[in-house]
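Engineer: below are the sequence and a predicted model for it; my questions follow.
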Amino acid sequence: MCMSGYLPLPASIKPTAESVQTPVQMLHGDADMVVPLDFGKDGFARIKALGVADLNMKVYKGMGHTADPRELRDALAFLTRVLPPVAPTKDAGVASGGGGGAASGSGTAPGSGGDGSAVGGGAGS
């Protein structure tokens with residue numbers, strides 16, 4: 001998962017058969033003045049070109065370089081989908097919900113996602 005991020009050294013990425021099966025969720029605000037949205041879109045395009053099977057990007061209207069409830073909700077949904085369920089233990093007392101498994105997505109090029117709608121395809125969008 002990438003929240004308001006970019007790829008500083010894209011040429012150094014060497015995909016493997018296993019790594020392109022790793023789900024990737026990118027979340028970015030369209031008002032980010034620290035990491036411009038175009039940097040995130042560039043990273044999305046580069047990851048897509050590597051052949052990542054489950055790639056999704058969401059853009060949040062009016063969100064700067066911060067986190068807000070829309071983004072956090074989508075982050076939790078992504079983690080719940082891709083991480084296996086964990087049984088509660090005596091020590092932790094915290095159980096995770098649902099999840100497990102990755103579905104394939106289209107990985108279309110991102111545009112404006114308005115209120116945080118999916119703009120990059122992918123499962124759960």
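Structural biologist: Perfect, thanks for sending it.
Engineer: buried residues in stretch 47-57?
Structural biologist: Ile47, Lys48, Val52, Ala53, Asp54, Leu55, Asn56, Met57 (16 or more other C-beta atoms under 10 Å). Bear in mind the C-beta positions are built from the backbone N, C-alpha and C, glycine included.
Engineer: among those residues, name the ones in helices.
Structural biologist: Ile47, Lys48 (DSSP state H).
Engineer: from the buried residues of stretch 47-57, which two are the most distant?
Structural biologist: Comparing every pair within the buried residues of stretch 47-57 by C-beta to C-beta identifies Ala53 and Met57 as the most remote, at 14.7 Å.
Engineer: can you confirm Met26 is in a strand?
Structural biologist: Yes - assessed with DSSP: H, G, I helix; E, B strand; the rest coil, Met26 lies in a strand.
Engineer: pretty sure it sits against Phe44.
Structural biologist: Yes - with contacts counted by C-beta atoms under 8 Å, Met26 reaches Phe44, the gap being 5.7 Å.
Engineer: how far out from the middle of the chain is stretch 3-19?
Structural biologist: For stretch 3-19, the gap between its own C-alpha mean and the chain's C-alpha mean amounts to 13 Å (C-alpha atoms, centre = their mean, to the nearest Å).
Engineer: and stretch 44-64, by the same measure?
Structural biologist: For stretch 44-64 - counting by C-alpha atoms, centre = their mean - the centre lies 7 Å from the chain centre.
Engineer: check stretch 23-37 too.
Structural biologist: Counting by C-alpha atoms, centre = their mean, stretch 23-37 comes out at 10 Å from the chain centroid.
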